[in-house]
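Engineer: starting from these lines, generate the structure:
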Amino acid sequence: MASGLFFDSGIRGFNGNKLRDAEIRRSRTVQGFVLMAIVSSFMSLYVFRLINLQLIQGEYHRQRAENNRIRLVPMRSERGNILDRNGKLLAANRLSRSVYLWPKEQPKEKWSITAQKLAQVLNIPAESIMKKLQQVGFDSGMPVKIKGELKAEEFVVLGEKAEELQGVEIRPEANRYYPNGNIGSHVLGYIGEATEDDLKANPDYPMGMIVGQMGVERLANNQLQGVWGSRLIEVNASGEELRELGIKPPTAGHTVQLTLDLELQKSAEKALNQRRGAVVVLDVKTGAVLAMASGPSFDPNLFTRQVKSSEWEELQRKDKPFLNRALQGYPPGSTFKVVTAVAGMESGKFSPDSLLATYSSITVGGISFHEHSGSYGVIGFEDAFAYSSNTFFYQIGLEVGPEEIAKWGQKLGIGKTTDLNLLGLEGGQYGSLPTPQEKEKLYGEPWYAGDTVSMSIGQGLVLASPLELAVMTAAIANGGYRVKPHLLASQTNTPATKPEPTGIKFSTIETIRRGLVAVVEKGTAQLLNDGSIPLTAGKTGTAEVLGQTSNALYIAYGPAKEPQIAIAVVVENAGYGGVAAAPIAHEIFKTYFKVKR
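Structural biologist: Numbers count the residues shown, from 1 in each chain. Below you'll find the model as predicted:
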């Protein structure tokens, strides 16, 4: 039995060892599988990352690597020149330096620091710099212009700080320049960077595109702007140019020639002397605008660079310097007697030889309407113009009525018969010649006889712009054709600008001409008959302004024989037309006849 027990114990010992070995082997197998699974997972992640980087995002990373090495640098096109009718420069270009930023060269946080440094040198708010960067995005590979017309001292300081200003580039380029300062500013307008709306409307515009914002710069922008080019360059890690890989040259804008005469424009603006008012000079045969001045004016050179807040505030202190008063409606005063005379004779109720008694005043509807200085006796059209008799024209107006006056006023160019769209300048208003029906509709009031009296001498509800008064004057000067004012020389003598016949009889034209010559020879504008210029014709006007000094007006054409130019002048709150407005026309005639010699 004892030996049996020994044997049994031995069997149990053998089986225990075998079990432990099997467990060890199983444990090692599991560990191997786990290790292989872990290694496989890491390998899979690595392979997936390689696939993602090389296949899925490969093109993106190749482009980023390429963009780090290669840049497409925009090249601004030169804006076309603007010339006067004789080829003299009104707007041109000159070499300057501009500051550009490359947004992707720094992260947003670092740009905030750089913007602060640039603000101190360039006198531009850091917020404005950051706003421009945000507009294009900090990942943009295109440069953003933040300042043009870099001053010499600014250029030196930026050069000294170049290592601190990563992504900042100083680039030479052509900049707009107006050699005559504020001369013709309301016609020429000014330029500026394309706004967000401009960029949306014109997807082909690069960031920093310069466009016309007013006047001819805006009117002829498509001709003037040209097409930007580009350079493909290779740079090193510091952004320094290594070599040029290709170039697409910019195309300069086209030259635009205007009908303006620079010497007449200078003369008009000098005589107006920044007073509130306007001057228009037209070619009586073609309607070409030879001069258009408005006061006060502004210097468009201000807008070729960043305008300082102090400069903008100074502009605002002036009396609406951006308003083109040549296109605004004014009571025309006695200059409107031309229209009343035409209506009287063309109605058939008066003849060129008609005579009327004048009075110190007439009473209509219980209201007295006065003459200037007592009665002139019995006179005809010639003396009525020469002495500017109110009571003479009151009687004409009452006899023919407001509808007839309005009809001939429109035929002569007051109102929508003068096409402001052809002229192309912004902010213009049409004159007003309301009839009884229109007054009722506009103001809810009936027409009174006193309204007709006021209308006959250019007061009351009548309004006409200096441009329209010049068109009216030209029609008398050229024999009865309503000209179409225009500024582009390419429009002259084309079907679009062909003068329209008004239908006024030659006898009527001749009668009014004699009257306008008499104004200069013996009437209210004798100062123009001083022998310094050939004989001209004209009509003074003094238009009442409620609660203020009257506006001064003068219309004229010259020479009296074979007329060539027509002039209209308005000076706000300046008093008598013969005193304040006629001398301006005198200076313009002096310049015109001097140049013609």
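Engineer: and the closest residue to Leu133 other than its chain neighbours, its phi and psi?
Structural biologist: Nearest non-adjacent residue to Leu133, counting by CB to CB, 6 or more residues apart in numbering: Pro103, 5.3 Å away. C-betas here are computed from N, CA, C, even on glycine. Main-chain torsions, Pro103, degrees, to the nearest 10: phi -50, psi -40.
Engineer: help me confirm that Pro103 comes into contact with Lys132.
Structural biologist: No. With contact defined as CB atoms under 8 Å, Pro103 does not count as touching Lys132 (9.2 Å).
Engineer: intersection of neighbour lists for these two?
Structural biologist: Overlap between the contact sets of Pro103 and Lys132, as judged by CB atoms under 8 Å, 6 or more residues apart in numbering, is given by Val144.
Engineer: quick one: residues contacting the residue nearest to Leu133.
Structural biologist: 111, 133, 136-142, 144, 167 are the contacts of Pro103 under CB under 8 Å, 6+ apart.
Engineer: go through those and flag which are in helices.
Structural biologist: Judged by DSSP state H, helices contain the following of those: 111, 133, 136.
Engineer: export those to JSON lines and tack on pLDDT, distance to Leu488 and neighbour count?
Structural biologist: Shown next, in JSON lines, are these (pLDDT from 0 to 100; distance: CB to CB, whole Å; neighbours: other CB atoms under 10 Å):
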{"residue": "Trp111", "pLDDT": "92", "distance to Leu488": "44", "neighbour count": "22"}
{"residue": "Leu133", "pLDDT": "90", "distance to Leu488": "39", "neighbour count": "22"}
{"residue": "Val136", "pLDDT": "82", "distance to Leu488": "35", "neighbour count": "17"}
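Engineer: looking at these, which is nearest Lys590?
Structural biologist: Ranked by distance to Lys590 (CB to CB), the ones in helices among the contacts of Pro103 are led by Val136 at 54.2 Å.
Engineer: how much space separates that closest one from Lys145?
Structural biologist: 11 Å (CB to CB, to the nearest Å).
Engineer: so what's in contact with those two at the same time?
Structural biologist: Joint contacts of Val136 and Lys145 (CB under 8 Å, 6+ apart) are Met207.
Engineer: assign a three-state SS to the residue nearest to Gln548 when sequence neighbours are not counted, would you?
Structural biologist: Counting by CB to CB, 6+ apart, Asn573 is the residue found nearest to Gln548 once chain neighbours are left out, at 5.3 Å. Of the three states, Asn573 takes coil according to DSSP: H, G, I helix; E, B strand; the rest coil.
Engineer: strand partners of the strand ranked longest in the chain, parallel vs antiparallel please.
Structural biologist: As assigned by DSSP state E, the longest strand anywhere in the chain is strand 89-101. Applying DSSP bridges to the sheet, strand 89-101 is found paired with strand 82-83 (antiparallel), strand 144-147 (antiparallel), strand 168-177 (antiparallel).
Engineer: which is the next helix or strand following the longest one?
Structural biologist: Scanning the chain past strand 168-177 towards its C-terminal end, the next helix or strand to appear is helix 185-188 (assignment: DSSP states H and E).
Engineer: now what about that next one, what contacts it?
Structural biologist: So helix 185-188 is contacted by 82, 90-91, 178, 215-217, 258, 260, 289, 292-294, 297-300, 322, 324, 326, 425, 487 (CB under 8 Å, 6+ apart).
Engineer: try 6 Å this time
Structural biologist: 90-91, 215-216, 292, 294, 297-298, 300, 324 (CB atoms under 6 Å, 6 or more residues apart in numbering).
Engineer: could I get those as TSV with pLDDT and neighbour count?
Structural biologist: Output for the contacts of helix 185-188, formatted as TSV (pLDDT from 0 to 100; neighbours: other CB atoms under 10 Å):
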residue	pLDDT	neighbour count
Leu90	98	22
Ala91	97	27
Gly215	97	26
Val216	97	24
Met292	98	30
Ser294	98	29
Ser297	95	20
Phe298	95	19
Pro300	95	26
Asn324	97	26
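Engineer: export those residues as TSV, with columns for distance to Lys416 and secondary structure.
Structural biologist: As requested, these are arranged in TSV below (distance: CB to CB, whole Å; DSSP: H, G, I helix; E, B strand; the rest coil):
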residue	distance to Lys416	secondary structure
Leu90	29	strand
Ala91	31	strand
Gly215	22	helix
Val216	23	helix
Met292	19	strand
Ser294	21	strand
Ser297	27	coil
Phe298	29	coil
Pro300	30	helix
Asn324	18	coil
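Engineer: ok, of those, which one's closest to Val342?
Structural biologist: For the contacts of helix 185-188, the nearest to Val342 is Met292 (25.3 Å; CB to CB).
Engineer: okay, Ser304 and Ala92: tell me how far apart.
Structural biologist: Ser isn't right for residue 304; it's Thr. Distance from Thr304 to Ala92, counting by CB to CB: 11 Å.
Engineer: which secondary structure element of the chain has the lowest mean pLDDT?
Structural biologist: Every helix and strand in the chain was compared by mean pLDDT, DSSP states H and E; the lowest is helix 58-69, with a mean of 56.
Engineer: alright, I will stop here.
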